[in-house]
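Trainee: The amino acid sequence is not available; the structure is as follows:
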């Protein structure tokens, strides 16, 4: 038993029995919510520990995770939410949060339906990132569009393609086993 007291109020929590834990994990909706939460949190963590994850010259290591929802589209909401949270401290403010939402939504819901190859999806994602991020930075900071586009698109194409390769090679069996 776990007892937590705050002033005159005490809360008693009983530990879950093994069967109760198993019942929770067999609930498909709950498991999907947890998987999306973990993916989003991982995206945020990888973005925050990376010193060059935003700006004109960026290399967002968290983009390696794009291969996951390309392979398992049901994990798209976690990545979308993770990108939006990761963009909160951006110097470009709400424009960057909205831009990240737009990039991920189009990439994960439109490109996932248009293209079969995950590498083509990664290419389209990188080009779309270049367009949206360059537009955001031009609007917010007056940076030149084309150099920013080239930098952002190239880095996102490379990292997303590497992510697709890594997911296909190492994570696919795990995702196939645990993600419905």
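Mentor: Great, that's in hand. No experiment lies behind these values; they were computed from the predicted model shown.
Trainee: Residue 82 reaches residue 43, doesn't it?
Mentor: Yes: with contact defined as Cβ atoms under 8 Å, residue 82 reaches residue 43; the gap is 3.2 Å. The C-beta positions use only the backbone N, C-alpha and C, and glycine is treated the same way.
Trainee: Now for these two: what residues contact both?
Mentor: 62, 65 (Cβ atoms under 8 Å, 6 or more residues apart in numbering).
Trainee: Report the contact partners of the residue nearest the centre of the chain.
Mentor: The chain has residue 79 as the residue nearest its centroid, 2.7 Å off, counting by Cα atoms, centre = their mean. Applying Cβ under 8 Å, 6+ apart to residue 79 gives the contacts 39, 40, 43, 65, 66, 68, 69, 104, 108.
Trainee: Which helix or which strand is home to the first one?
Mentor: It stands for residue 39. helix 28-48 (DSSP states H and E).
Trainee: Run through who's touching that helix.
Mentor: 24-25, 53, 60-62, 64-65, 68-69, 74-75, 77-83, 85-86, 178-180.
Trainee: Go again with 7 Å.
Mentor: 24-25, 53, 60-62, 65, 68, 74-75, 77-79, 81-83, 85-86, 179-180 (Cβ atoms under 7 Å, 6 or more residues apart in numbering).
Trainee: What mean pLDDT does it get?
Mentor: Taken as a whole, helix 28-48 carries a mean pLDDT of 96.
Trainee: Start the count at 43 instead of 1 going forward.
Mentor: Right, with 43 as the first residue, what we last looked at is helix 70-90.
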